[in-house]
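Asker: predicted model, plus sequence, below.
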Amino acid sequence: MSGGVGSPPARATFVGGDVSPHETPDSGGREQFRRYRKRRSSVGLFGVAEDRKGSPLPFGGAFGSPTGVYASPQSLPDASPWERWDSAAEDLKTPIPRKLFGGADGGGLADLADLPGSSARTPVSREQQRRVTQTPGPHTTPVVLKVVKKEDQQEISDSAEESFARFAGILDATFQGHLSFPELMLQYEAVCRDLADLVREEASETHRVTEDRLMRQKAQMLHGEAASWSLLWHLFGKSTEDMYMDELDNAPVTSEEEACDFITRDHNAQVCSRIVQWLETLASKELDYEKKHKGWYAGSYAQKLGVWRHTQSAIRKKTAGVVHRLDPDAPTREQAQLHPEDQKLEESLLEDVWKLLVAGRLEEAQELCRAAGQSWRAAILGGCGELGPSPTVEAWKRKSRDFYKARDRTLHAVELESGAGHQRRLWKWACYCASDNIGDSTHESKYEAAIFASQCGNVKRMLPVCFSWEAACWAMVRSWLDVEVDLHLSSVHGLRPIQDPNGENTDRPEHWPHQVVSQQPRDLQALFQKLLTWDLVNENVRRSCKEQKHLIQMDLMLGDVAHLLDLLRTWIAPSQDSRERSRPHGHPQMIRFGAHLVLILRYILADEIKEEFREKLWLIGDLILNTYAIFLFTQRKEELVGVYASQLAPHLCVELYVHMMELRENESVPVKYKIFKSAIEYLPFTSEDGTKGSFSDIVTRVLSKSREIRSDSQQIAKVESLGERQHRVRKAHAVQWLCFLPPSSLSNVEMVRAELLARALDYSNLLFREYSLSSLWRTPEMPVGAHVLLGHLAEPLNQPTDALLSLDQHRVQENLQEFEEWREYYACDALFRNWLKIVQGNSAVPNDELTSDEKDRAAAAAQQAVDAAFSLLQRNSGMWLAGIDDTAEEEAAPEWIELLCTGMLSSSSGSSLLPDATVCTALVDALHSCGADEGVQRQLTVDVSVNLKDPNFVDIHLRCLPVKGDGLGTSTEYDGGLLASIMGYAVKGELPHFRAGIVLEVLRLDAFYITEGIQPVQASYIVQGLCRRCCLPELILRTMQVKVALAAALVEIDEDECDVLELVASRKYEFYQLFSQRQMQDLLQFERRARIFSLEAQEAVFTDFQMMFSVLFVHPRFADEFGCAPLCRIVTPCTEDMRYVGV
């Protein structure tokens, strides 16, 4: 939390003058937060033992966090090498020790200060540790202390930017119930202080001015963040205790007990007391830091320096201008000065006493005065007892462990002798008079006046020595609290009105605290206004009021959550008109602090905040959390995102992960696995109530967006029209998110793995259908997308599938069967393309120069392709991709069936036809004509338009009424029905009245059942039937092409096992129904060529045999089906067999 630069001005609400505290206090928006409850536990708001044993935490039950313990980045693949924190000590099932966060205890260096002749300031930086030299004394030998670094010892360092994993680990431990939220606040404070100390040490080693300034600024921000966490704990995490376990017969007796009881019961006094404790804790920790790292602190000097020995000597010498007596009142009474040396020592002593008072160390300040020889000053500081004028319950109980019997009998006796509260008022009035009369002249110490003023609430005398915002705030809040306590005691003791009717004698002790009431603010808002505008406040303090950390702290003290959220949004979230809204703004430490702050406020104020502020807390909180998650992602800390994404609104959580997965789609597997692991661990797999984003929703969006046409495909469409498009490969890579192995820490890991595999199978089959229709070209290039899918699913399918088959889901078995069929199909496709690649390579060499090995290699590849194809065609009686029936029953009949297709119009030469209005109109007419009379009867509608994202693509929308066997009942033809037959003409390039040779290369294909008011349901039978219409005829034609090549190479073929023509004509398989007229002609042409090559081979063997030819008619079934003219029958007397070939 930086300050000053870029900070918004102080709020305009800090207005108004001084108002007497006798008026009704206006708590403003503060009363809406009941922050202080009475709890027995002294650890925090909630008893940890009770929370772990009994019901869920009172913050709202389950947090939606995973069952497994938060994993460190080192346990993930490809962990960043600069993760410096200790993962070995990271078992967050137990409360996290402070040593986990790298707190240095100065071990090994504390003894350096005890060496003879060594400096009082102990060096702690690494450079100073390496060069610590003992100063030679008259009787000593110089000793050089060196810190030797082992070669195999890795130096571990840390910085603010590397603390994100620590914060995420503590937060995750809290969500899992291992820590309470009050403990979380203390842990965050400890982390920030440890990091700040480390940054301070690193800053001392730098030599450049700019680096040193940045490091110190970073340390200041961390200290400010630590202070804010401490304030949050004092306000919301620190429990409120009662003075007595049993209030019967235990009413307060002394003024000290009355004051303590009032602070406990009064809301405003309790707030002030907590703020005072917070400020004193900050000052005390700063003193500890100076003692630990600098070797000195307030009061660390030789004893008896307050005896004024130089003044005593000057009096003996009768030096002019020096006091004549050594009593404490002499300088004021005689208007003279001490000796200059004693004056300096006195000023140093008073300054240290003031620092100790600000730090809440009253006893230590008294001991310092006694050690300096000024016991009278120690007595002055204890006028209200050992606990001070405004004691807390904790301090009172520490003093009196047995608080039923061990009361301060001395104070009780004084109260009974002089009257209730009389001694207190008299002492405070005396301190006020002393503070008001000291410090005006130049030779009088302002610190002495401030010390007296701190005992009576005279804030005007304290502010001149307050040079920091914390000190000034402490002075004003402490004086306000003391006056409130005094006013309460006056009313309890039944004193007369404070203000005399005649306006005289108002400075008497009986009228206390009227003398200082006018200096006090009306409420906290007026107090902060005084800090900003009062002339007595130091200029540095007024400037500090506008720093970010102090603006946050003031809002926390005021309970103004709405204004705090507005500030955080201004500093962190991107502006609404920014073009780069997903880019984090602000300092990383402020983004981190804001995210954790709003997240904690959600839980601790869940039941207390008003409804209008609750919505704002969630909306702005989600914005800040989302910004922090994006920042972590940009810092390559994907494994930490899940802790915070699980707290986002469902739609934001899903959008965040979808965006992350899109940006990391080309990264390595370990990087992608980190994202997968963070999502599957911290998010529920499915969200029944919709209150949290689920992993299922994320992968659904990722898979859906991967199939969308992107504008970047425009530059690719014309480059490789025969190969695989880049977006097709992107679709295949999307399934990888479903193929990762879930971490074993999940309770239902086997079921989750089965769910992911089932989803992967369903999506892969969807892509296989699209890839098959776009890879019908007979080229050597492999369909990359299909083989990427097969590669991703190879390992998951090698695992046992018992859990997968046990899923109570529709079509799990069918999807697995279809996947196996597609795997066999693409194996045949790969063998054919491999053969084609070998043939093209051999064609570049003259036939007489080809070696026998090259010819044998081509023949072997051809034979493998033919065998694989026949195996696929003959399996299950030719029911490839025909074993799934998902048509709707008549009682649940859909209103329409539709087919949606996005593709590109291209030719075999590689050129593409850009769709315009004319082309779209012609394509509509051609598709309508394919429907013929059946299309008219079933109300066929055709819509063709240019794709909005890429003008190279065309969108086709077909819709018609369902009929029995096509959308209703059981499908028996397995050809996809009317819509598949129409789209088949476009895919095969045989559209009537359209440009010849232009085929539709499919990029996206979907079919649905449409019913009004119901979500569209996939109609897979249409797309599967279309694939059968296009893939099986093409596979048979490829097999015939290979067979022709084998015949040309004089390779003998077993006609009984490779009779393609008989396979097509067989009624058992009925493949002939899938052929178009052009495809049937191509089939017969291939058969004719193969037969001719076979005859030529036989003629070479039997040169003396005379062939006989006779003309017969074509097979009757083909003539009836396709209307072919009579063809030639070739008779071979040697085999007495007949084959039908085309002329």
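Answerer: On my side now, so go ahead. Residues are numbered from 1 along each chain as shown.
Asker: chain center to the longest helix seen in the chain: distance?
Answerer: Longest helix in the chain, counting residues (DSSP state H): helix 812-843. Offset of helix 812-843 from its chain centre (Cα atoms, centre = their mean, to the nearest Å): 42 Å.
Asker: now do the helix or strand just after that helix: everything it contacts.
Answerer: Using DSSP states H and E, the helix or strand that follows helix 812-843 in sequence is helix 852-874. For helix 852-874, contacts defined as Cβ atoms under 8 Å, 6 or more residues apart in numbering pick out 824-825, 827-828, 831-832, 834-835, 838-839, 842, 845, 880, 1032, 1035-1036, 1038-1039, 1042-1043, 1045-1046, 1049, 1051, 1053, 1057-1058, 1063, 1069, 1071. C-betas here are computed from N, CA, C, even on glycine.
Asker: go with 7 Å
Answerer: For helix 852-874, the external contacting residues (Cβ atoms under 7 Å, 6 or more residues apart in numbering) are 824-825, 827-828, 831-832, 834-835, 838-839, 842, 880, 1035, 1039, 1042-1043, 1045-1046, 1049, 1051, 1057-1058, 1063.
Asker: mark which of those residues are buried, thanks.
Answerer: The neighbour count (16 or more other Cβ atoms under 10 Å) marks 824-825, 827-828, 831-832, 834-835, 838-839, 842, 880, 1035, 1039, 1042-1043, 1045-1046, 1051, 1058, 1063 as buried among those.
Asker: check for me that Ile1053 belongs to a strand.
Answerer: No: going by DSSP: H, G, I helix; E, B strand; the rest coil, the assignment for Ile1053 is coil, not a strand.
Asker: next, count neighbours for it.
Answerer: Neighbourhood size, Ile1053 [other Cβ atoms under 10 Å]: 16.
Asker: likewise for Pro846?
Answerer: 8.
Asker: next one: it from Glu854, what distance?
Answerer: Here the criterion is Cβ to Cβ, to the nearest Å. By it, Pro846 lies 12 Å from Glu854.
Asker: what mean pLDDT does the longest helix of the chain have?
Answerer: For helix 812-843, mean pLDDT is 93.
Asker: tell me the angle that helix makes with helix 852-874.
Answerer: Interaxial angle, helix 812-843 versus helix 852-874 (axes from the mean of the first three to the mean of the last three Cα atoms, to 10 degrees): 150 degrees.
Asker: helices and strands around helix 812-843, which ones?
Answerer: helix 749-774, helix 784-798, helix 802-805, helix 852-874, helix 1020-1048 (3 or more Cβ pairs under 7 Å, 6 or more residues apart in numbering; DSSP states H and E).
Asker: tell me the average confidence for stretch 743-760?
Answerer: Here stretch 743-760 scores 90 as its mean pLDDT.
Asker: scratch that, stretch 931-942 is what I was asking about
Answerer: Mean predicted confidence for stretch 931-942 is 94.
Asker: contacts for that stretch?
Answerer: By Cβ under 7 Å, 6+ apart, the list of residues contacting stretch 931-942 reads 924, 927-928, 958-961, 963, 978, 982.
Asker: likewise stretch 587-599?
Answerer: Residues from elsewhere that reach stretch 587-599 (Cβ under 7 Å, 6+ apart): 1-2, 160-161, 164, 167, 171, 188, 221-222, 225, 548, 568, 571-572, 584, 617, 621, 624-625, 627-628, 631, 644, 647.
Asker: angle of the longest helix of the chain against helix 1020-1048?
Answerer: Going by the same axes, to 10 degrees, helix 812-843 makes 30 degrees with helix 1020-1048.
Asker: show the end-to-end separation of stretch 771-786, please.
Answerer: End-to-end distance for stretch 771-786, by Cα to Cα, to the nearest Å: 6 Å.
Asker: still on that earlier bit, okay if I get the helices and strands packed on helix 812-843 as a markdown table plus distance to Ala371?
Answerer: Below are those laid out as a markdown table (distance: least, Cβ to Cβ, whole Å):
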| stretch | distance to Ala371 |
| --- | --- |
| helix 749-774 | 66 |
| helix 784-798 | 75 |
| helix 802-805 | 75 |
| helix 852-874 | 98 |
| helix 1020-1048 | 90 |
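Asker: mind checking which of these is nearest Gln337?
Answerer: helix 749-774 (81.6 Å; Cβ to Cβ).
Asker: so which helix or strand takes in the residue nearest the centre of the chain?
Answerer: The centroid of the chain falls nearest to Val641 when counting by Cα atoms, centre = their mean (2.7 Å). Using DSSP H and E, Val641 maps to helix 641-645.
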